[in-house]
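Novice: What follows is a protein structure lacking sequence information:
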DNA sequence: TCTGGGGTCCTAGGACCC
DNA sequence: TCTGGGGTCCTAGGACCC
């Protein structure tokens, strides 16, 4: 079998770069990428974490995920801008349009990352390395932001390669280069080695990817189960999943939120649940799905998490049915602790055409028509056109989690 | 004036059945 | 007065990704 040729392309500090490019295009004199800056949420509504940072901000040791409070202590002059997911989606789409000219087989791995299968197209374009430079320069010129491109024979190595030169780099990581380029790296740099696994590996004396690669797989399997074998294979550059250019069916739809203030009474908790389910319901119907399973989760003011799930007697796509189930489930596991975070998730999805045919229940049919009417109005006039009156003056958003069409999902699955 | 959100997969333990 | 064991399904929690 012929070897594959895979590019992995990663937008450098995507959220920040896109915001910076947007501001320059709209007359700003300041390039956020050249000053200590970050994209971050609003601490007043308890969303105060860093989502992306500029290279100068990195020099202050500012980390993604840390609180704005902590970031500002490290760098008092840090410029912080709010996130703009609609903009990110536009930039991501523009990027994809360019890439499609080079290969029809592209897998969108997240809003700012994709894999390109260049196996059959690269020869049209000549030397792969030169082609990658060309693509990178073209994106910079036409779209105004930089990317890093990794080149290899599998997705894992291409992805590891794109991490090696940031920003604005092109790097190969073929099998014969693994020992030199990948093995000296700290083990947590390997895809799928997170904080928990790093800690365990460290206790076995494994600190680099090379040490992991040369560890005994039986030993790893005994302690880390299948995950041990997975990362051992990755450390050795063994991975061969195909570039998937068509989206894989989703398994569930979730929506969760950190509330601006702790909620500790049923009236408010129910409002939050409803606002979460509103969005889930419309996404469900938009996709033509019905759900057989509902799960609720919450985090208390002391950061303890709980979850509880239950089956619906029959799959449903009605906002109201899912909402009722969510309330029931929450009542079974919540004993009134003050809550900072609530979530609802639906799963066991099936197509909803069958449940609609089998509708014999008048109430359900009425509710279903109501859902459709509200969906249509919101699509036409915006999500705020219809709001349940119970939300007025409550301080709780009537809809949580805007619907951004086709926002690519992020994945830990190659 | 502290600590986000949306996915997927895996595992341990319990229930239940034969 | 001993105390199987295998299979399946379900669940909560935890791990990982961006």
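Specialist: Looks like it arrived, so ask away. Computed from a predicted structure; not experimentally measured.

Novice: quick one: is stretch A:375-391 near DNA strand B?
Specialist: No - Stretch A:375-391 stays out of contact with DNA strand B when judged by C-beta under 7 Å from any atom of the strand, the minimum separation being 13.6 Å. For glycine as for every other residue, the C-beta is placed from the backbone atoms N, C-alpha and C.

Novice: near DNA strand B, which residues of chain A?
Specialist: Within chain A, the residues that sit near DNA strand B (C-beta under 7 Å from any atom of the strand) are A:41, A:43-44, A:46-49, A:51, A:64-65, A:67, A:69, A:225-227, A:250-258, A:283, A:303, A:340-341, A:343, A:345, A:347, A:400-401, A:409-413.

Novice: Residue of chain A closest to DNA strand B, please.
Specialist: Evaluated by C-beta to the nearest atom of the strand, chain A has residue A:225 as its residue closest to DNA strand B, separated by 2.9 Å.

Novice: Where does that residue sit: helix, strand or coil?
Specialist: Using DSSP: H, G, I helix; E, B strand; the rest coil as the criterion, the local structure at residue A:225 reads helix.

Novice: ok, now residue A:290?
Specialist: At residue A:290 the chain is in strand, as set by three-state DSSP.

Novice: wait, isn't it in contact with residue A:317?
Specialist: Yes - under the criterion of C-beta atoms under 8 Å, residue A:290 is in contact with residue A:317, at a separation of 4.4 Å.

Novice: For DNA strand C, what's the nearest residue on the stretch 1-150 of chain A?
Specialist: Counting by C-beta to the nearest atom of the strand, the stretch 1-150 of chain A gets nearest to DNA strand C through residue A:110 (4.0 Å).

Novice: check contacts around the closest residue in space to residue A:349 that isn't next to it in sequence.
Specialist: Sequence neighbours aside, residue A:289 is the residue nearest to residue A:349 in space, at 4.6 Å (criterion: C-beta to C-beta, 6 or more residues apart in numbering). Taking C-beta atoms under 8 Å, 6 or more residues apart in numbering as the criterion, residue A:289 is in contact with A:253, A:317, A:349, A:350, A:351, A:352.

Novice: Which residues of chain A lie near DNA strand C?
Specialist: Going by C-beta under 7 Å from any atom of the strand, the residues of chain A near DNA strand C are A:109-113, A:159, A:191-198, A:293, A:295, A:305-311, A:333, A:410-412.

Novice: Kindly recompute the last result at 6 Å.
Specialist: A:110, A:112-113, A:191-197, A:305-311, A:410-412 (C-beta under 6 Å from any atom of the strand).

Novice: Check which element follows the helix-or-strand element of chain A with minimal mean pLDDT along the chain.
Specialist: Ranked by mean pLDDT, DSSP states H and E, the weakest helix or strand in chain A is helix A:353-357, scoring a mean of 67. Using DSSP states H and E, the helix or strand that follows helix A:353-357 towards the C-terminus is helix A:362-381.

Novice: which stretches of chain A have low pLDDT?
Specialist: Across chain A, the stretches falling below the confidence threshold (pLDDT under 70) are A:1, A:355-362, A:402-412.

Novice: at 80 instead, please
Specialist: Scanning chain A for pLDDT under 80 picks out A:1-2, A:122-123, A:354-365, A:380-385, A:389-390, A:392-393, A:400-413.

Novice: ok, residue A:125 - contacts?
Specialist: Applying C-beta under 8 Å, 6+ apart, the residues near residue A:125 are A:102, A:131, A:134.

Novice: and the first one, helix, strand or coil?
Specialist: Assigned by three-state DSSP, the conformation of residue A:102 is coil.

Novice: Distance check, it against residue A:95.
Specialist: Taken as C-beta to C-beta, to the nearest Å, the spacing of residue A:102 relative to residue A:95 amounts to 12 Å.

Novice: again with the second one
Specialist: When distance is defined by C-beta to C-beta, residue A:131 is 16 Å away from residue A:95.

Novice: Tell me the buried residues within the residues of chain A next to DNA strand B.
Specialist: For the residues of chain A next to DNA strand B, a neighbour count by 16 or more other C-beta atoms under 10 Å gives the buried set as A:41, A:46-49, A:51, A:227, A:253-257, A:283, A:340-341, A:343, A:345, A:347, A:400-401.

Novice: Just checking, which helix or strand succeeds the helix or strand that contains residue A:314 along the chain?
Specialist: Here residue A:314 is covered by strand A:305-316, with elements defined by DSSP H and E. Where DSSP H and E defines the elements, the next helix or strand beyond strand A:305-316 is helix A:319-333.

Novice: Run through the helices of the stretch 1-150 of chain A in chain order.
Specialist: In the stretch 1-150 of chain A, the helices defined using DSSP state H, counting those that start in this stretch lie at A:14-25, A:55-58, A:68-74, A:85-99, A:122-125, A:128-143.

Novice: so can I have TSV of those helices showing distance to residue A:208?
Specialist: As requested, those are arranged in TSV below (distance: least, C-beta to C-beta, whole Å):
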stretch	distance to residue A:208
helix A:14-25	28
helix A:55-58	23
helix A:68-74	28
helix A:85-99	33
helix A:122-125	32
helix A:128-143	27
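
Novice: Which strand residues bridge the residue of the stretch 1-150 of chain A closest to DNA strand C?
Specialist: Residue A:110 has the following beta-bridge partners by DSSP bridges: residue A:113.

Novice: okay, now it: neighbour count?
Specialist: The burial metric for residue A:110, expressed as a neighbour count using other C-beta atoms under 10 Å, is 15.

Novice: ok, now residue A:308?
Specialist: Residues near residue A:308, counting by other C-beta under 10 Å, number 17.

Novice: these two touch, right, it and residue A:327?
Specialist: No - under the criterion of C-beta under 8 Å, residue A:308 lies out of contact with residue A:327, with a separation of 11.8 Å.

Novice: measure the residue of the stretch 1-150 of chain A closest to DNA strand C to residue A:92 for me?
Specialist: 9 Å.

Novice: Can you tell me which residue of chain A sits closest to DNA strand C?
Specialist: Counting by C-beta to the nearest atom of the strand, chain A gets nearest to DNA strand C through residue A:194 (2.4 Å).

Novice: can you pull out the helices in the stretch 201-350 of chain A?
Specialist: Chain-ordered helices for the stretch 201-350 of chain A, with DSSP H, counting those that start in this stretch as the definition, fall at A:209-213, A:217-235, A:266-287, A:319-333.

Novice: Show me what the third one is packed against.
Specialist: Packed against helix A:266-287, as judged by 3 or more C-beta pairs under 8 Å, 6 or more residues apart in numbering; DSSP states H and E, are the following elements: strand A:253-263, strand A:289-300, helix A:319-333, strand A:339-351, helix A:362-381.
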